[in-house]
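Visitor: Quick one: sequence plus predicted model below, questions after.
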Amino acid sequence: MTEPPIDVKLPGRLGDPTLGLRTDPRSDPRMVALFAPFGLDVTAPPLPVDRQSPVEELLAVAAASEQAFDGVFAALLADVRKAEGVESRVETISGVDGNDITLYIDRPVGASGLLPGLLHLHGGGMAILAAGTAAVWRTRLAERGCVVVGVEFRNSAGALGPHPYPAGLNDCASALDWMHAHRDDLGLSSIVVTGESGGGNLSLATTLKAKREGRLDRIDGVYAQVPFIFGGYDTPDPALPSLIENDGYFLGASVMTVMAAVYDPTGEHACDPLAWPYYATTADLEGLPPHVITTDELDPLRDEGLAYLRALQRANVTATGHTYNGVSHAGELLAAAALPELFERALADVTAFAAGVSRAAVLQ
């Protein structure tokens, strides 16, 4: 007897191009309710520029996007509990390009002995936003027993731009060198490079750069959250179906293309792993320290993060990861007010990883 065919509907916009974050049945309704007042629960129209637009127009759109995201992120995180028992200071260092770099250093008050260190690189597609947008996240990590160093790297657009690749990456590498040189002063048992979205890109790229330059001893682990590492968002790769499945769910191809275009205006670095780690080869990845790569179910960037995780595993790097279901890009961080359990899980996971590689570093 012949079995009737099974009707399997593809997820998200692969199965129904009319879906949005509000109408996708996978979306956590608490996140949707939090996003709705800001219009983030529906698909935004494409931006009035593309990769071929004049750089001046791209920069203007990126600057306007920065202003909008700044306001929305501040409102989303306004009700998230602030850290307690954390002391903060600011340090200014000189970068490899001769520029000043501001570092924001947070640590638990009165902590003694060695603590895990986190070099934190904020999100914004390497193009927009500032370290201040991640202040709540950094101080809550410090509250849990880490020394956290946030980097005010140069952006490729917005108020801290325009400084295209490799300016921001160079600043992150300079901050890593400073943090390594001050391990004793800071009381560090290890250094984990970590960041979300564009900061996830820079975390991976900083590590690849350190390997190329013989500086890998500075890094004990890498924790990249929802990394923005593909670059070709106006020509989606069939190997990355989430770019279509979740297009427009908080992030869309249009805005991602603008960020990619201002980061590498000429396109000459389109397949350079230091600009776009998605293109790292097995030879690039072999010998890297332990990694964690996290992704979100409803994120257009989900599959590039998963692809990088699998590439690390093929290169015999100790690498694990997990996907937060029901949320869009960085939803476990940005929707913390509505999804506190995911925010707490993310905090616990980063700090547990940092503590784990600290023990490994001490034993070596």
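Guide: Thanks, I have the structure now.
Visitor: where does this protein dip in pLDDT?
Guide: 1-8, 359-364 (pLDDT under 70).
Visitor: Can you tell me which residue is spatially central in it?
Guide: Glu196 (1.9 Å; CA atoms, centre = their mean).
Visitor: residues contacting that residue?
Guide: By CB atoms under 8 Å, 6 or more residues apart in numbering, the contact list for Glu196 reads 122-123, 134, 225-226, 330, 333. Quick note: C-beta positions are derived from backbone N, CA and C, even for glycine.
Visitor: who does it bridge with?
Guide: Per DSSP bridges, the residues bridged to Glu196 are Gln225.
Visitor: Would you format the contacts of Glu196 as a markdown table with neighbour count, distance to Ile93 and secondary structure included?
Guide: Shown next, in a markdown table, are the contacts of Glu196 (neighbours: other CB atoms under 10 Å; distance: CB to CB, whole Å; DSSP: H, G, I helix; E, B strand; the rest coil):
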| residue | neighbour count | distance to Ile93 | secondary structure |
| --- | --- | --- | --- |
| His122 | 26 | 17 | coil |
| Gly123 | 28 | 22 | coil |
| Ala134 | 25 | 19 | helix |
| Gln225 | 27 | 25 | strand |
| Val226 | 31 | 28 | coil |
| Ala330 | 24 | 28 | coil |
| Leu333 | 27 | 27 | helix |
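Visitor: just those residues now: which is nearest Ile101?
Guide: His122 (13.2 Å; CB to CB).
Visitor: buried set for stretch 217-224?
Guide: By neighbour count, and taking 16 or more other CB atoms under 10 Å as the criterion, the buried residues in stretch 217-224 are 218-224.
Visitor: can you tell me which of these are in strands?
Guide: When the buried residues of stretch 217-224 are checked against strands (DSSP state E), the matches are 221-224.
Visitor: Which one of those residues is nearest to Pro17?
Guide: The shortest separation between Pro17 and any of those is 30.1 Å, and it belongs to Ala224 (by CB to CB).
Visitor: Now for the closest one: which residues touch it?
Guide: Under the criterion of CB under 8 Å, 6+ apart, the contact partners of Ala224 comprise 194-195, 200-201, 203-204, 291-294, 305, 308.
Visitor: Could you tell me which of the residues you listed are located in helices?
Guide: 200-201, 203-204, 305, 308 (DSSP state H).
Visitor: any chance of these in CSV, with distance to Arg30 and neighbour count too?
Guide: As requested, these are exported to CSV (distance: CB to CB, whole Å; neighbours: other CB atoms under 10 Å):
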residue, distance to Arg30, neighbour count
Gly200, 24, 30
Asn201, 28, 31
Ser203, 28, 28
Leu204, 30, 30
Gly305, 23, 28
Tyr308, 29, 26
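Visitor: Including distance to Pro116, could those go into a markdown table?
Guide: What follows is these, written out as a markdown table (distance: CB to CB, whole Å):
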| residue | distance to Pro116 |
| --- | --- |
| Gly200 | 19 |
| Asn201 | 22 |
| Ser203 | 15 |
| Leu204 | 19 |
| Gly305 | 23 |
| Tyr308 | 23 |
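Visitor: Pick the one among those closest to Pro164.
Guide: Comparing every one of those with Pro164 (CB to CB), the shortest separation belongs to Asn201, at 13.8 Å.
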